[in-house]
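1. I'd like to go over a predicted model; first the sequence, then the structure.
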Amino acid sequence: MPATLPSGRAWPRISIITPSYNQGQYIEQTLLSVVNQNYPDVEHIVMDGGSKDATVAVLEKYSSHLTYWVSEKDGGQSNAINKGFTKATGEIVTWLNSDDLLAPGALAAMAMAFEESGADMVAGICQLHRDGEIFDQHLTSCEDGPLPLAELLDLENHWMAGQFFFQPEVFFKRDLLIKAGGKVNENAHWSMDFELWVRFAQAGAMLKVIGRPIVQFRVHEEQKTQDLAGFKNELQTLIGGIRQSLGMPDAPEPALRRKTKLRIVFFNDLGFRYGAGIGHQRLALAAWMAGHEVIPVSIGFDNLTDIEKAMPFEEKIIPHLLSHSPDVVVVGNVHSASLDPACLKRIAETLPTVVVLHDSWLLTGRCAYRGGCAKNLTGCDESCPTSGEYPKLEPSRVAPAWSAKMDLIRTAPKLVLAANSEWTRRQIDATADALQAHAGSPVRRPLAIRLGVPLDVFRPLDRDSCREKLGLPKDKFILLFSCSNLADKRKGVDHLIEAIRKLDFPDLVPVCIGHNDGSTPLDLPNLVSVGYLTDIERQVMLYNAADVFVAPSLEEAFGQVFVEAAACGTPSVAYAIGGVPEALADGIVGRLAKSTDPEALAEAIRELYLSPRLRSDLGWWGRCHVENEFSFEASSRTLFFAMREAIRLTGADLVPKLQLNPKPKPLPTVGVLLEELGFVRGPTSQLFWDRQFQLGMLDYYQRQIINYRNRPTPWWLRPKAWLARINRNSIRKAIAREDERRRKRDAT
């Protein structure tokens, strides 16, 4: 661990009270789970009620690791907790029962979360285990912010539905505990934690939720929470008294048509490829982990031809989506397939729809990034200065496209907009404000969601070993960056080249990822170019081999690459533009340049070059930060809010319980709409589970007549010529081989 928190402040003291009585078979594991945290300032207090089993012998064995312990008769669990509170001196406090375990790294993660959020209480994931095997995970579906008193006191709709906490997943400030009375209710046998949360809510407690495991809750026959009837009766009596004292009416009846699991179609243009496609896949994985049924569907393939774009696939989209009987459709990027925005409106009129914005395309007439242009707030038109850039659109079509998008945002009855960052959410809000001012009617506000990364894939590895496997020098300063085309000024690679020239470090080795087209060679000494990567493990090794990752984009809605690098323990450098500061937390994940120019970029790189200790600390803090904020579990929680908003538009609701499968199966393969219409692509390298080709194309060309005026039909679109070149049996065999290869890969 670094010597301090990112702010330079000392790691806060954390007090853990363990009430115990006759748990000798479990308590040693509990004590070791605290000892093995290796946290620099932990105060562990054990209050044993005079156990008659092996508990005292275990406490004596580990007495050097305990701040205080005693074994004497007490008034029960609540009394033991209160006695421990009087001994506690830590800034952060919790109690850990003698049959539960802290998850590895829990204390440091909690300290980081309190430091970054300034919250009064922090909740994380509670892993349920039986006989040493984790079988379920729970994460509160409460939103960050004030602890909601009214929902706490609505037993059936919220507490018993699973919205709130397993007690040991919550840590809180000692100041909050004192403000709320300094003790638990000793008259409560089962629900002393619930009653304390109520007093915390009355005291104005601010909650922060993190998406990483904090505690492992042991499920066994002897624990008192197995008596669900007694637990619920005590809660009802307690809540009735509190509601009466506060003058609150009786709680409402449970909501009707509450769904536990959803059937979700994840729909986008090119499947799980490239930045937005990978982000879409990660959202699908987050929903899959939460137990929802996920059906991935894409429109088509990369590099669609003009003829393919002219095919009437839009009229097939809604019937195709309806054929899956979804509860919700989650739409990602669609502009690579030139989808008419009006088609999105038809989807959102038919089905509850969450449109995730990975860029600004839905807010403009054409462009994915506005480059400082603000015409989208008043009306994009044929004067668009970048109509020839990706995604291209004829100038005469810009204004109609903008109008169609604004009509979608303003009037689609089942639409929820979700942003991949708070920055993107603010851009949507600005558009909504402009629409509201113009139309005079309110526009539904967007939600911000989190894109998770697979933390078991993007992980710290041994740096020297990675460099050896990649053929990179072990004794050089390796700067990793990506570049596809220098002509794309948005990526800022020309800024990086100038910054590297200013640095002039003798041991610097720049390593470039990307399919540089070679039109403008990168003029850098010692440059190593590794090309475009589809091998995820090789990408992980490159992150680990690098000393610093640099991505000086001049426009960016988020920046998944910074999260990936941080997950591997590698600090990043970037400009503080768009959503980048959310992905690259300055001083935690890496360094943000002080201004948007090569000199400031060079200065940020120089700081990390001159301080190996700072690079190491940022690598550690960054990994911890990403585990808290960008796990699939954290992503699943934010996606839950968007799903609930969409479902509520139909008069239904979601049960507010997040149960996260610790070992989800592989995601289903992507169904491609153009394959349904008969278009087929040969096998290409893709990340994860994207299916490549099917037989439908042959049957399609046998019955489809294509007629384009004043345009010769290519040979491969002539049915007889095509069939003359294709052997149906050879294609069947190739598909069978591909399916078998994928089955074997998925099995491993």
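-> Cool, got the structure.
2. For residue 533, see how far away residue 474 is.
-> 21 Å (C-beta to C-beta, to the nearest Å). All C-beta atoms are positioned from the backbone trio N, CA, C, and that covers glycine.
3. try residue 280
-> 19 Å.
4. Which one of the two is surrounded by more residues?
-> Set residue 280 next to residue 533 and count neighbours by other C-beta atoms under 10 Å: residue 280 wins out with 29 against 17.
5. Does the more buried one belong to a helix, a strand or coil?
-> What DSSP: H, G, I helix; E, B strand; the rest coil gives for residue 280 is helix.
6. How about it: what's its closest non-neighbour residue?
-> Of all residues not flanking residue 280 in the chain, residue 332 sits nearest, at 3.6 Å (C-beta to C-beta, 6 or more residues apart in numbering).
7. now residue 141
-> Residue 141 sits nearest to residue 656 (C-beta to C-beta, 6+ apart), 4.5 Å away.
8. Count the residues that sit near the one you found.
-> Neighbour tally, residue 656, other C-beta under 10 Å: 20.
9. for it, what are its contacts?
-> 141, 157-158, 161-163, 644 (C-beta atoms under 8 Å, 6 or more residues apart in numbering).
10. now, which of those lie within strands?
-> Nothing among the contacts of residue 656 maps onto strands, per DSSP state E.
11. what helix or strand is residue 399 on?
-> If you go by DSSP states H and E, residue 399 is part of helix 395-411.
12. Check residue 529 too.
-> strand 528-531.
13. by contact count, what packs against that strand?
-> strand 508-513 (3 or more C-beta pairs under 8 Å, 6 or more residues apart in numbering; DSSP states H and E).
14. picking that back up, pLDDT averaged over the strand holding residue 529, what's the number?
-> For strand 528-531, mean pLDDT rounds to 84.
15. do stretch 43-59 as well
-> 93.
16. buried set for it?
-> 43-49, 51, 55-56, 58-59 (16 or more other C-beta atoms under 10 Å).
17. ok, those vs residue 327, which is closest?
-> Ranked by distance to residue 327 (C-beta to C-beta), the buried residues of stretch 43-59 are led by residue 44 at 46.3 Å.
18. what's that closest one in contact with, if anything?
-> Counting by C-beta under 8 Å, 6+ apart, residue 44 has contacts 16, 18, 31, 34, 65-67.
19. Pull the number of nearby residues for residue 276.
-> For residue 276, using other C-beta under 10 Å, the count is 28.
20. Repeat that for residue 440.
-> Burial measure for residue 440: 7 neighbouring residues, criterion other C-beta under 10 Å.
21. Next: residue 75.
-> 11.
22. Which residue is the nearest non-sequential neighbour of it?
-> Per C-beta to C-beta, 6+ apart, closest to residue 75 is residue 186, 6.3 Å.
23. Isn't the one you found up against residue 76?
-> Yes - using C-beta atoms under 8 Å, residue 186 is in contact with residue 76, at 7.2 Å.
24. How about the contacts made by residue 138?
-> Counting by C-beta under 8 Å, 6+ apart, residue 138 has contacts 125-126, 128, 162, 166, 169, 657-660.
25. residues of the following helix or strand past the strand holding residue 529 that come out buried?
-> Going down the chain from strand 528-531, the next helix or strand is helix 536-545, by DSSP H and E. Residues 539-545 are the ones in helix 536-545 that count as buried (16+ other C-beta under 10 Å).
26. Equivalent analysis for stretch 432-440, please.
-> 432, 434-435.
27. Just the mean pLDDT for that stretch, thanks.
-> Per-residue scores along stretch 432-440 average to 84.
28. Do me a favour and get the end-to-end distance for stretch 174-187?
-> 22 Å (C-alpha to C-alpha, to the nearest Å).
29. now it, how far from the centre of its chain.
-> 34 Å (C-alpha atoms, centre = their mean, to the nearest Å).
30. Could you do stretch 93-107 as well?
-> On C-alpha atoms, centre = their mean, the centre of stretch 93-107 falls 25 Å from that of its chain.
31. Pull it out as CSV, backbone CA atoms only.
-> Provided in CSV are the C-alpha atoms of stretch 93-107 (Å, rounded to 0.1, in the frame of the first residue of the first chain):
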residue,chain,number,x,y,z
VAL,A,93,-16.5,2.2,12.5
THR,A,94,-18.4,-1.0,11.8
TRP,A,95,-19.2,-4.3,13.5
LEU,A,96,-18.3,-7.7,12.1
ASN,A,97,-20.0,-10.7,13.6
SER,A,98,-17.8,-13.6,14.7
ASP,A,99,-19.0,-15.9,11.9
ASP,A,100,-18.4,-13.4,9.0
LEU,A,101,-15.3,-12.4,7.1
LEU,A,102,-13.9,-9.2,5.6
ALA,A,103,-13.3,-9.6,1.9
PRO,A,104,-9.6,-9.1,0.8
GLY,A,105,-8.7,-5.4,0.5
ALA,A,106,-12.0,-4.3,2.1
LEU,A,107,-10.5,-1.8,4.6
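32. and the spatially most central residue of the chain, what does it touch?
-> By C-alpha atoms, centre = their mean, the chain has its centre lying nearest to residue 452, at 2.5 Å. If a contact means C-beta under 8 Å, 6+ apart, then residue 452 has 211, 282-283, 285-286, 630-636 as its contacts.
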